[in-house]
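**Q** Task: produce atomic coordinates for the following.
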Amino acid sequence: MADWKNETEARKQIKGLVTEYYHKYKEKKEPFRPGGRINYAARVFDEKEMCALTDAMLDFWLTTGRFSEEFEREFANWIGVRYAHLVNSGSSANLVAFMALTAPELGERRIRRGDEVITVACGFPTTVAPVIQYGAVPVFVDVTVPQYNINVDLLEEALSEKTKAVMIAHTLGNPFDLAAVKKFCDKHQLWLVEDNCDALGTEYTIDGETRFTGTWGDIGTSSFYPPHHMTMGEGGCVYTNDPLLHRLILSYRDWGRDCICPSGHDNFCGHRFDGQYGELPQGYDHKYVYSHLGYNLKVTDMQAAVGCEQLKKFPSFIERRRHNHDRLYKALECVNDKIILPEAAENSRPSWFGFLISIRPESGLRRNDVTGYIENHNVQTRLLFSGNLIKHPCFDQIRGTGAYRVAGSLEMTDYIMNNSFWVGVYPGMTDEMIDYMAEIIIRAVSQKQRDI
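**A** Here you go, the predicted model:
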């Protein structure tokens, strides 16, 4: 039995054992050898995350608590916003961001059922799902290659008298044309929601001012799922500079309640029993007054504890992603006649999530043959998420119902669906892994079709 004189000493000894465990059983020691598995993404962590998680476990405060508050404060300071609120996933972040814009407090700018939201079909479904689930109408616009983001020349064509917002993602770290999209939104008084789940750490400059993506619009969202730029396991964040949106985000995240008392605190406002709300009796307990039909999407303190340590490492993660992307780009330039290499948006410095590749139509190659060859050589590939979302089975039940519309054609979206894929550049990749991956991709696109 350990001789612990106090809790502080006990925690120190327990975390010392966790550190020993990490170095003995979890720390990566074997160097990469050609032919070894290269995943598109993986967690990058050390004993500090495991000790922080242990610290939170010993608190046994199983909901949002001190680590959550620390992360929200430090993250907001780092990314450059006034308010940041943790949620349990990036998809939940998008849900909360959208639902906040449906609140009655927003008056004429409130998104109502039947109103339209401009977006793209080439992306992840949970950027769009909240719009359809609420009963608003997504308006799908085509994208460009090799940027893989919304074609801003089509924005005016997509506009109607029902348009209330633009909600789109920055693709794999490469930002959409924020200058053009923001100008369009400002001109027509539209909300701008930046799905920043795949681009955390990307920088964008407008009129000489450089900010992180996610902070140019009205609301930004992030994901901390294991493959993402940093991780909590599951987790996400919604952030804004607008005090009213901040209050609405909190309400929709926390059951729709009117009260802003932090978890574990009562009567934070000092008026718990003296208000009049709706048709409730005078003085009804404010902690149980609901101003919106909300959710419970909070993160746990155990997740946030991991995030606190990940955030300290995050600047180095960004730089390594850029290094890996640049190294792979240079290695693949020799097959630029067969594949289209990705192109960063103007005025941006991407924090790359992945390396996008498209098969040139004139090459005679088929995407699935190329990715099959790459996968057979132990390199993991991914498609650009849904490719064309409206072609998926989830749209079968709403086709022809007016639940969505397409502005123009989705020609390039379909091209990406058929010809594009990506590989990882996560910070755990070494130069040896990048070089092997490049070698396999070159071989995959250089062989004759019958040899693949």
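
**Q** after the biggest helix by length in the chain comes which helix or strand?
**A** With DSSP state H setting the assignment, residue counts place helix 301-332 as the longest helix in the chain. Reading on from helix 301-332 to the C-terminus, the next helix or strand found by DSSP states H and E is strand 339-340.

**Q** neighbouring contacts of the helix or strand just after that next one?
**A** Scanning forward in sequence from strand 339-340 by DSSP H and E, the next helix or strand is strand 348-349. Strand 348-349 is contacted from outside by 174-175, 202-205, 322, using CB atoms under 8 Å, 6 or more residues apart in numbering. (C-beta placed from N, C-alpha, C; glycine too.)

**Q** now with 6 Å?
**A** With contacts defined as CB atoms under 6 Å, 6 or more residues apart in numbering, strand 348-349 is touched by 175, 203-204.

**Q** Can you name the next helix or strand after it?
**A** Taking DSSP H and E as the definition, the helix or strand that follows strand 348-349 towards the C-terminus is strand 354-359.

**Q** is it true that W61 lies in a strand?
**A** No. W61 is assigned coil when assessed by DSSP: H, G, I helix; E, B strand; the rest coil, not a strand.

**Q** list the contacts for it?
**A** Taking CB under 6 Å, 6+ apart as the test, what W61 contacts is D301.

**Q** Give me the phi and psi for it.
**A** Backbone torsions of W61, given as degrees, to the nearest 10, read phi -90, psi 100.

**Q** Do a quick rundown of the helices in the chain.
**A** Secondary structure of the chain, counting by DSSP H: helices at 7-21, 47-59, 66-79, 90-100, 129-134, 155-158, 178-188, 243-253, 301-332, 367-376, 411-419, 431-446.

**Q** helices or strands next to the longest helix of the chain in the packing?
**A** Counting by 3 or more CB pairs under 6 Å, 6 or more residues apart in numbering; DSSP states H and E, the packing neighbours recorded for helix 301-332 are helix 47-59, helix 66-79, helix 431-446.

**Q** D369: which of the ones you listed is closest?
**A** When the helices and strands packed on helix 301-332 are compared by CB to CB, helix 431-446 sits nearest D369, at 8.2 Å.

**Q** what angle sits between the closest one and helix 367-376?
**A** With axes from the mean of the first three to the mean of the last three CA atoms, to 10 degrees applied, the angle from helix 431-446 to helix 367-376 works out at 140 degrees.

**Q** Between strand 354-359 and helix 431-446, find me the angle.
**A** Interaxial angle of helix 431-446 relative to strand 354-359 (the same axes, to 10 degrees): 10 degrees.

**Q** which helices and strands does helix 431-446 pack with?
**A** helix 301-332, helix 367-376.

**Q** okay, the ones you listed, which one's buried deepest?
**A** Scoring the helices and strands packed on helix 431-446 by mean neighbour count under mean count of other CB atoms under 10 Å gives helix 301-332 as the most buried, with a mean of 20.

**Q** thinking again about what came up before, what would the helices and strands packed on helix 301-332 look like in a markdown table with distance to E9, mean neighbour count and mean pLDDT?
**A** Converted to a markdown table, the helices and strands packed on helix 301-332 look like this (distance: least, CB to CB, whole Å; neighbours: other CB atoms under 10 Å; pLDDT from 0 to 100):
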| stretch | distance to E9 | mean neighbour count | mean pLDDT |
| --- | --- | --- | --- |
| helix 47-59 | 13 | 19 | 97 |
| helix 66-79 | 20 | 19 | 98 |
| helix 431-446 | 42 | 19 | 97 |
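
**Q** In a markdown table, list the ones you listed along with distance to G364.
**A** As requested, the helices and strands packed on helix 301-332 are arranged in a markdown table below (distance: least, CB to CB, whole Å):
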| stretch | distance to G364 |
| --- | --- |
| helix 47-59 | 47 |
| helix 66-79 | 45 |
| helix 431-446 | 10 |
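
**Q** Of the ones you listed, which is nearest D115?
**A** The minimum distance between D115 and those falls on helix 66-79, with 28.8 Å, by CB to CB.

**Q** Below-threshold pLDDT in the stretch 1-150 of the chain: ranges please.
**A** Per-residue confidence of the stretch 1-150 of the chain (counting by pLDDT under 70) places the weak regions at 1-2.

**Q** For N149, see how far away E346 is.
**A** For E346, the distance to N149 equals 11 Å [CB to CB, to the nearest Å].

**Q** Neighbour count for these two, which is higher?
**A** When neighbours are counted by other CB atoms under 10 Å, N149 comes out ahead of the other of E346 and N149, with 23 against 11.
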